[in-house]
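S.K.: this one's sequence-less:
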Ligand code: HEM
Ligand SMILES: Nc1ncnc2c1ncn2[C@@H]1O[C@H](COP(=O)(O)OP(=O)(O)OP(=O)(O)O)[C@@H](O)[C@H]1O
Ligand SMILES: Nc1ncnc2c1ncn2[C@@H]1O[C@H](COP(=O)(O)OP(=O)(O)OP(=O)(O)O)[C@@H](O)[C@H]1O
Ligand SMILES: [Mg+2]
Ligand SMILES: [Mg+2]
């Protein structure tokens, strides 16, 4: 049973077909890195998989469950880390984590939360309102949340963006840990160097279609698209 | 006369002092790359220089003009490229460019605009509403705008973020061209590799203070902060 | 400079205010006779009128301080404006409160849609709006700037509100009860004068204390900020 | 995931945010106050007419204030894409509805109860022995507004022109609620025998029940494709 | 940079956006329509009272509609941080004010003129020979609302709780406008001799002049530190 399996997914907008019969598979414990030019449809693909919009045609499965029919099942597995940080400005870091976890039926104790925040380097800001966080600090908080949730399927839209170098390392460490525990990770990225460190599989989305590439090609100098 | 000169700039927020007596200088035709951990105050520094907020203390000059007293003069020189793209969702790419340039008293002809859009690779989307643009496409449009405006001082907050590789190259090409024509560029970045290609000078903002580093250190593997 | 000045004199103002008010209360409650029309109720006048006029003065201070702030950008002047708005709410509410207590026996209603009442209520609303605006802005400098703008625009507006409302009501119908004709003479004048002077001294004292408090709070925040900056990053 | 837990956490989050920022309740209160004053100004020619119009003025003010509160209820979820997050989480949509309804209803009722003494003063009412019935009418009317209101607020927040679309869609639907509430309040204040305005209260309750059930049921289709 | 050019371009941009999306005018129109209906429902006891209340109803509806339009005017500038961009550009702040005032005034007047025939029908008015004077009152009242309104809209858009703070700050200040407009309209419709309501029209004009000048002057401090 694979972690994520996309089967001929298509998405059209009013003027324009963005995804054309995209199929792919991410095994459990595997990280798939998705590249592609600006406007290729990477974010669109992630949104489909996150059950945020319905594909124009095609279907997908997560942990063996149909992503459209059984979407409430699928939602128990997946976690998305995207440009929006899903945080409430008036609550502080700890309260935001509590709330996010409560929605999944989890109630971590204060020590666990503290450990996670320390690990991502924002322990000192635990009682700061999110409104005052910088972009990178919000991203780090998202990692802390993911550490505590331990999802089976991780969808990440440009995970490295707005993170500093230590932050990127942290992110990769977290991805490696997740895959180590059997999670499937699908990420989009423009950062080949960082992605190459964790990706087990890679693909390029170009003109609506997905083409697999070798991970070692990521390190090579030539252009992907 | 230097392009940008910061003199003991400090910024405190209600709870918190972010910048402490930061001084630096960017000559004309020079590109300064600013690094620093998440939450160091890089974005804050750029906002001060862009005349968007007033420093708690200290002052700065651009092209010899005082940035606080003569801020209307300074605004004629500077252009900021930041996370927000400064674009109107209901207008298309060309109209957005026209509007942005009109505010500076420029009125480019259709051919010029077309050339700039083609150069940044979104010529085909010239009459698309911005609302439908992906993150990277918006960033590219910002570059096109900058190409047409040719500012004397360029402030850029994470210029490479959400650009694909070709986009990053484009950005560097544009930066080199600008400095070649005597512009001063100040950018923040988490991407050492790309920045090293264009930066003539670099600094690290850490715990509120700015420390100059050698550009060749950017390529080296050790940690900056 | 100014803050030292405030600190030196405010105590005297407070003490003098208390003395004047005490004398005024004595005269007003004990030594003056009841009014021939209104009886004992008239004694509310001795607090109502000072309340009303001090609250107008508060808005005056607020306006001047706001203009001054936009011109010089002195944070202390902003504190003064902030303080006078807060104190202004207190005195305005006091005037409304005593007025409506007075209204119940004389006009036989707590409230009527009369010119003065309405324009005064609008004064209160502007002051409260001013304070709310301040709480909804994080940035100190912007908070001061926007608040000053609101105060100035309100200052232009208040006379217009007052006069237009007055025209409106007088154009259409006579005031339900005309109370302007109380003969203020002799025994009733003295307590009023004492109370008024006392209220003005008290006002000065309160604004002084509050300004100083806001100023110190700001200093403290800045100091704490510098410390936090060292701890955190 | 426990249904009632989700409701509790959602309401907790809204109440906590409110206690932090004190935005909603204080601003709704003053908005209502000002609306009442403005109405009284524009409509009241004499004391007698003013008292006759009072139930109308009161309910129009409550409904407008409610609409402002309802609008903010879901726009608060737009920051950092929090709404998408709710959508992606494995929680019953109905629980989201009830959680939001609870906090909306609570905010509105608090504001109305603070305003009530002012009405008594402004309009010289004499209602002290009628308070229980009055509170019943208040709750019934407010629930009628906020049950559909919460539904529509979730809907309009995801479309363009949201600030206007909420009142445009909501107001026509709640006309019966308004009529019922105005008539019942009028009857009560005039001191009519209860048998005269009892049908209006019954109408309100019928509406409440129908609206809440229907909204609860269709809410699923608003937050999910 | 030419002062009038900036005004022209700002208004052009707003009108173009409006023509594209047709958001403001159509939604303001329906909002006003519904408000009027709701009022008529809640207040009308008999035909005679309804006609007497009509100027009040009309102006309350216009003012609330105007507030909605004013609110959107600057929130539209928040998308993609466009407001920051206006602030960073070397353009006179007064020109921004007048440009925005122009488009706001225009939108409001268009809506009011579309609604007017409906009033004539609903309330059985007989005004055909009075139309020029009526339009004068309309323009004077609307300018009074939108002159301060544009100022406050720029202010509140940059703070928390903006949706509520705009009416909270604006409504008390425009009480004289409302009174003047209601009285003048009432006098006109009742067929009073002009000398009776002429002072109200004068009040409106005085208010317009004072407020436009004051707002123009202080606007500078809103968009600049
Ligand atoms: C809520 C109700 C009331 C409010 C808001 C109110 C407000 C005011 C205001 C603003 C002033 C002007 C102060 C100044 O110009 O310095 C004033 C003065 C005065 N009020 Fe009231 N008032 C109220 C009720 C009453 C009542 C019920 C009475 C008497 C029956 C009364 C009698 C007076 C008198 C005698 C003065 C001073 C004389 C004058 O300047 O005209 N007021 N009040
Ligand atoms: N709602 C929409 N309506 C019409 N077109 C859309 C819509 N949303 C996205 N698009 C178009 O779909 C294409 C893909 O967008 P998407 O955001 O998925 O790109 P992306 O691969 O994530 O790009 P980037 O690397 O720049 O983030 C773009 O060309 C965009 O213009
Ligand atoms: N309005 C504000 N009020 C209080 N604190 C703020 C405010 N804005 C920013 N900060 C704080 O200032 C610090 C610097 O923020 P800034 O956005 O400048 O960081 P940055 O260097 O750009 O970080 P990143 O790399 O993550 O973008 C952060 O700790 C942030 O919490
Ligand atoms: Mg994307
Ligand atoms: Mg930043």
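M.R.: Good, I have the coordinates. Just so you know, these numbers come straight off a predicted model, no measurement behind them. Residues are numbered from 1 along each chain as shown, chains lettered A, B, ... in the order given. Ligands and ions are numbered 1, 2, ... in the order given.

S.K.: and residue A:17, helix, strand or coil?
M.R.: Classification of residue A:17 using DSSP: H, G, I helix; E, B strand; the rest coil returns strand.

S.K.: what of residue A:223?
M.R.: Applying three-state DSSP: residue A:223 is coil.

S.K.: test my guess that it contacts residue B:168.
M.R.: No: shown here, residue A:223 and residue B:168 do not form a contact pair, counting by CB atoms under 8 Å, at 11.8 Å. Every C-beta, even on glycine, is put in place using the N, C-alpha and C of the backbone.

S.K.: the more surrounded of those two?
M.R.: residue B:168 (19 against 8; other CB atoms under 10 Å in any protein chain shown).

S.K.: domain-wise, how is chain A divided?
M.R.: With domains defined by automatic domain parsing, chain A comprises A:1-77+A:152-225, A:87-150.

S.K.: what sits against residue 96?
M.R.: Picking chain A for this. With contact set as CB atoms under 8 Å, 6 or more residues apart in numbering or on different chains, residue A:96 has these partners: A:87, A:88, A:130, A:141, A:145.

S.K.: my bad, the chain I had in mind was chain C
M.R.: The contact partners of residue C:96, taken as CB under 8 Å, 6+ apart, are C:117, C:120, C:121, C:124.

S.K.: lowest average confidence, helix or strand, in the chain?
M.R.: Assuming you mean chain A. One helix or strand of chain A scores below all others by mean pLDDT, DSSP states H and E: helix A:216-219, with a mean of 82.

S.K.: sorry, should have said chain D
M.R.: helix D:24-43 (a mean of 84).

S.K.: which ones are touching residue 138?
M.R.: In the absence of a named chain, chain A is used. Counting by CB under 8 Å, 6+ apart, residue A:138 touches A:85, A:87, A:130, D:80.

S.K.: actually it's chain C I care about, not the one you picked
M.R.: Applying CB under 8 Å, 6+ apart to residue C:138 gives the contacts A:131, B:13, B:14.

S.K.: mind checking the SS state of the residue most central in space within chain A?
M.R.: Centroid-nearest residue in chain A, with CA atoms, centre = their mean: residue A:156, separated by 1.8 Å. Following three-state DSSP, the label given to residue A:156 is strand.

S.K.: state the distance from the residue nearest to it when sequence neighbours are not counted to residue B:57.
M.R.: In space, and not counting its chain neighbours, residue A:156 is closest to residue A:187: 4.0 Å by CB to CB, 6 or more residues apart in numbering or on different chains. Residue A:187 sits 43 Å away from residue B:57, going by CB to CB, to the nearest Å.

S.K.: higher neighbour count, the two?
M.R.: More crowded of residue A:187 and residue B:57, by other CB under 10 Å: residue A:187, with 26 against 13.

S.K.: wait, is that one part of a helix?
M.R.: No: under three-state DSSP, residue A:187 falls outside any helix and is assigned strand.

S.K.: isn't residue C:3 up against residue C:76?
M.R.: Yes: contact criterion CB under 8 Å: residue C:3 and residue C:76 qualify, at 6.2 Å.

S.K.: intersection of neighbour lists for those two?
M.R.: Shared contacts of residue C:3 and residue C:76, defined by CB under 8 Å, 6+ apart, are found at C:211, C:215.

S.K.: more crowded one of those two?
M.R.: Neighbour totals were compared for residue C:3 and residue C:76, and residue C:76 leads with 19 against 15 (other CB under 10 Å).

S.K.: give the contact list for that one.
M.R.: C:2, C:3, C:211, C:215.

S.K.: same check, this time on residue A:163
M.R.: The contact partners of residue A:163, taken as CB under 8 Å, 6+ apart, are A:136, A:139, A:140, A:170, A:171, B:38, B:190.

S.K.: related to what we said a few turns ago, okay, the contacts of residue A:96 in TSV with pLDDT and distance to residue B:119 next?
M.R.: Listed next are these as TSV, based on pLDDT from 0 to 100; distance: CB to CB, whole Å:
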residue	pLDDT	distance to residue B:119
A:87	95	38
A:88	94	41
A:130	92	39
A:141	97	38
A:145	96	41
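
S.K.: kindly indicate which of those residues lies nearest ligand 2.
M.R.: residue A:87 (20.8 Å; CB to the nearest ligand atom).

S.K.: quick one: secondary structure of that closest one?
M.R.: coil.

S.K.: backbone dihedrals for whichever residue of chain A sits closest to chain C, both of them.
M.R.: Closest approach between chain A and chain C, counting by CB to the nearest CB: residue A:124, at 4.9 Å. Backbone torsions for residue A:124, taken as degrees, to the nearest 10, come to phi -70, psi -20.

S.K.: what do you get for the one 3 residues further on?
M.R.: Main-chain torsions, residue A:127, degrees, to the nearest 10: phi -110, psi 30.

S.K.: ok, residue D:197 touching residue D:188?
M.R.: Yes: applying CB under 8 Å, one finds residue D:197 in contact with residue D:188, separated by 6.5 Å.

S.K.: near ligand 1, which residues of chain C?
M.R.: Residues of chain C lying near ligand 1 by CB under 6 Å from any ligand atom: C:45, C:48-49, C:52-53, C:56, C:95-96, C:99-100, C:102-103, C:106-107, C:116-117, C:120, C:179-180, C:182.

S.K.: related to what we said a few turns ago, drop anything exposed from the contacts of residue C:76.
M.R.: C:211, C:215 (16 or more other CB atoms under 10 Å in any protein chain shown).

S.K.: looking at the contacts of residue C:76, which are in helices?
M.R.: C:2, C:3, C:211, C:215 (DSSP state H).

S.K.: nearest to chain E among those?
M.R.: Nearest to chain E among the ones in helices among the contacts of residue C:76 is residue C:215, at 20.8 Å by CB to the nearest CB.

S.K.: which one is that closest one nearest to, not counting chain neighbours?
M.R.: residue C:79 (4.8 Å).

S.K.: secondary structure class for the one you found?
M.R.: helix.

S.K.: can you pull out the helices in the chain?
M.R.: Picked chain A for this. For chain A, the helices defined by DSSP H occupy A:42-49, A:71-77, A:93-102, A:110-119, A:135-149, A:165-180, A:192-198, A:216-219.

S.K.: other chain: chain C
M.R.: Using DSSP H, helices in chain C cover C:2-25, C:45-72, C:75-106, C:115-135, C:140-172, C:189-232.

S.K.: the second one and chain B in contact?
M.R.: No: using CB under 8 Å from any CB of the partner chain, no contact is recorded between helix C:45-72 and chain B, whose separation bottoms out at 13.9 Å.

S.K.: related to what we said a few turns ago, using TSV, lay out the contacts of residue A:163 together with distance to residue B:100 and neighbour count.
M.R.: Output for the contacts of residue A:163, formatted as TSV (distance: CB to CB, whole Å; neighbours: other CB atoms under 10 Å in any protein chain shown):
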residue	distance to residue B:100	neighbour count
A:136	28	25
A:139	29	25
A:140	34	29
A:170	38	20
A:171	35	25
B:38	30	22
B:190	27	25
